[in-house]
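K.L.:
have a look; sequence and predicted model below, questions after that.
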Amino acid sequence: MNKKLLFITALYAVAAISCKKNKGEEISATVNYPNMAEVNSPAVLFTTANDVNVYNGGFGSALAADPTDPNVFYMLTDRGANVGGQASNSIIIGKPDFAPQIGKFRLKDGKLYLEQTIELKNASGNKLNGIPNPAGMGSTGETPFDLNGNAISPSADGLDSEGLVRAADGSYWVSDEYGPHLVHFDANGKTLERINPFGSGTGGRKIPAVFAKRRANRGMEGLTITPDGKTLVGIMQSPMYNPSKGAVSGSMVIRILTFDIASGETKQYAYLMEDASLTGVSEIVAVNSTTFLTLERDGKYGIDPSNTTTAFKRVFKIDITKATDISDASNSDNGKLYGGKTVEQLLNAQGLSDAGIVPVSKSQVLDLIKDLPGSYPHDKAEGLALLPGNILVISNDDDFGVVDNNASGFAQKILPATKSVDRNRLYFIKVNL
């Protein structure tokens, strides 16, 4: 790592905050952020027949700061507590009526307190759910079951929410892993517009057809907005299965999508993962209109005596200024081809170069395992926010405090480092960008 890129405070990340409270009025404050803040006493969502507590919980899939209050953070759940089923390509959904939701948390005395829960709803005001979509509307091909082994029908209202933006007007944009979908919600969580590659959403607008080739459960994992509030920028978690899983084996090429909110115009760029074995990119956050931070990770616990290799959780700075727009003017199902190959089939830096494609520039900013005070004990690092003063905030996904018990049910998710149940946390660190 280039140490010149990074400065870490030993005890606190200190920010001089100037933010808008009301129209024409600004407040200023100096905020001492702790190294880490954990959610205080998460509620039990339900308890399984074998006495495993499922917590609510699950709020770390994405993160957004409140521009009017330096101590308020919005955190997003995914589709709800779920584990793999015993049948091929099946899942067990612990609470089928669970609505993906945004939690408003307040930082106080080193703890995070849940002040408000915003359940996400469709355009009619009915609650969304986390059930996979029907065919042609974002289906992952998974067959969902409840805890009693009953099959669950696909749902057009299903959303596996992963990326979160809080717009200046108090509304929210969310990206997901199913469609992938881009959904605009009002401040109360009601759908204003739903955009996907199929045109099956609300409002009629689409994103490019190629994004329907996303790998199941590796969809649009990260989402941010440019500081001018005009452009959404989403990043896929992994290389898409484009044209197929076998054809892209070993690929490190991920797509970035920019979406002009007013016009619906899009652009695409190639991003290279550090290694094809990684879980992928968990998040993206804007520094300015062309520079962004991304979060790449594997699935290992950051501190685990059983690990024989060091876990990978790193933040990178990227720039799209000189990158090639790989958009396809014809909007074909496989996107623009290069020598008869999809972008994903080009596999790596050499393949992109041979095709005349310049990927986004990229340099490492932070290694969560080595550089966070006390290191990083979780398996998942999924949310990023950038505060004034270049204070970076990282959230973990605690999976509602449960993992697969390898027997069609849930087991408690225990951190190897602490022998305690995983909880949602925010980590604060000052970086020099």
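P.N.:
Done, it's in. Because the structure is predicted, anything quoted here is derived from the model rather than measured.
K.L.:
tell me the pLDDT of residue 308.
P.N.:
On pLDDT, residue 308 comes in at 82.
K.L.:
can you offset everything so residue one is 582?
P.N.:
With 582 as the first residue, the last one maps to residue 889.
K.L.:
if I look at residue 784, how far off is residue 742?
P.N.:
Distance check for residue 784 against residue 742: by Cβ to Cβ, to the nearest Å, it reads 18 Å. C-beta coordinates here come from the backbone N, C-alpha and C atoms, glycine included.
K.L.:
same deal with residue 973?
P.N.:
Counting by Cβ to Cβ - residue 973 and residue 742 are separated by 22 Å.
K.L.:
ok, residue 784 and residue 742, which is more surrounded?
P.N.:
The neighbour count for residue 784 versus residue 742, taken as other Cβ atoms under 10 Å, is higher for residue 742 (28 against 14).
K.L.:
tell me how far that one lies from residue 762.
P.N.:
9 Å.
K.L.:
helices and strands around the longest helix belonging to the chain, which ones?
P.N.:
Criterion DSSP state H: the longest helix present in the chain is helix 930-935. If you count contacts as 3 or more Cβ pairs under 8 Å, 6 or more residues apart in numbering; DSSP states H and E, helix 930-935 packs onto strand 847-853.
K.L.:
from the chain's centroid, how far away is the helix or strand following the strand it packs on?
P.N.:
With elements assigned by DSSP states H and E, the helix or strand that comes after strand 847-853 is strand 861-867. Relative to its chain's centre, strand 861-867 lies at 7 Å (Cα atoms, centre = their mean, to the nearest Å).
K.L.:
in which helix or strand would I find residue 950?
P.N.:
With DSSP H and E as the test, residue 950 turns up in helix 949-952.
K.L.:
right, and the helix or strand after that helix?
P.N.:
That would be, after helix 949-952 and using DSSP H and E, strand 962-968.
K.L.:
just the residues contacting the helix or strand following that next one, thanks.
P.N.:
With elements assigned by DSSP H and E, the helix or strand that comes after strand 962-968 is strand 972-977. Under the criterion Cβ atoms under 8 Å, 6 or more residues apart in numbering, residues 594, 596, 614, 640-641, 643-644, 646, 654, 656, 874, 876, 896, 947, 949, 953, 959, 961-968, 1003, 1005-1012 lie in contact with strand 972-977.
K.L.:
repeat that for 7 Å
P.N.:
Residues outside strand 972-977 that contact it (Cβ atoms under 7 Å, 6 or more residues apart in numbering): 594, 596, 614, 641, 644, 646, 656, 896, 947, 949, 959, 961-968, 1005-1012.
K.L.:
quick one: residue 729 and residue 956, what's the gap?
P.N.:
If you go by Cβ to Cβ, the gap between residue 729 and residue 956 works out to 40 Å.
K.L.:
looking at those two, which one has more neighbours?
P.N.:
Relative neighbour count places residue 956 above the other of residue 729 and residue 956, with 15 against 7, counting by other Cβ under 10 Å.
K.L.:
lowest-pLDDT helix or strand in this protein?
P.N.:
strand 593-603 (a mean of 55; mean pLDDT, DSSP states H and E).
K.L.:
what's around the closest residue to residue 829 other than its chain neighbours, how many residues?
P.N.:
Distances taken as Cβ to Cβ, 6 or more residues apart in numbering place residue 925 nearest to residue 829, at 4.4 Å, with adjacent residues excluded. Residue 925 has 28 neighbours, counted by other Cβ under 10 Å.
K.L.:
quick one: residues contacting residue 925.
P.N.:
820, 821, 823, 829, 832, 834 are the contacts of residue 925 under Cβ under 7 Å, 6+ apart.
K.L.:
tell me where the model's unsure across the chain.
P.N.:
Along the chain, the parts satisfying pLDDT under 70 run over 582-610.
K.L.:
one more time with 90
P.N.:
582-612, 667-669, 780-785, 886-890, 955-956, 987-989, 1013-1014 (pLDDT under 90).
K.L.:
next, the buried residues of stretch 680-700.
P.N.:
680, 681, 682, 683, 684, 685, 686, 687, 688, 693, 695, 699 (16 or more other Cβ atoms under 10 Å).
K.L.:
now swap in stretch 666-675 and tell me
P.N.:
Quick answer for stretch 666-675 (16+ other Cβ under 10 Å): 666, 672, 673, 674, 675.
K.L.:
swap in stretch 702-716?
P.N.:
For stretch 702-716, by 16+ other Cβ under 10 Å, it's 702, 703, 709, 710, 711, 712, 713, 714.
K.L.:
re the thing from before, kindly reformat the buried residues of stretch 666-675 as a markdown table containing secondary structure and distance to residue 722.
P.N.:
As requested, these are arranged in a markdown table below (DSSP: H, G, I helix; E, B strand; the rest coil; distance: Cβ to Cβ, whole Å):
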| residue | secondary structure | distance to residue 722 |
| --- | --- | --- |
| 666 | coil | 13 |
| 672 | strand | 11 |
| 673 | strand | 16 |
| 674 | strand | 15 |
| 675 | coil | 20 |
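K.L.:
now, which of the residues you listed sits nearest residue 660?
P.N.:
Taking Cβ to Cβ as the measure, residue 660 lies nearest residue 674 of these, at 7.7 Å.
K.L.:
who is that closest one paired with across the strands?
P.N.:
Judged by DSSP bridges, the bridge partners of residue 674 are residue 663.
K.L.:
returning to that earlier point: biggest separation within the buried residues of stretch 702-716, which pair?
P.N.:
Greatest spatial distance among these (Cβ to Cβ): 702 and 713, at 18.7 Å.
K.L.:
tell me the contacts of residue 624?
P.N.:
Applying Cβ under 7 Å, 6+ apart, the residues near residue 624 are 636, 637.
K.L.:
repeat that for 10 Å
P.N.:
634, 636, 637, 638, 695, 698 (Cβ atoms under 10 Å, 6 or more residues apart in numbering).
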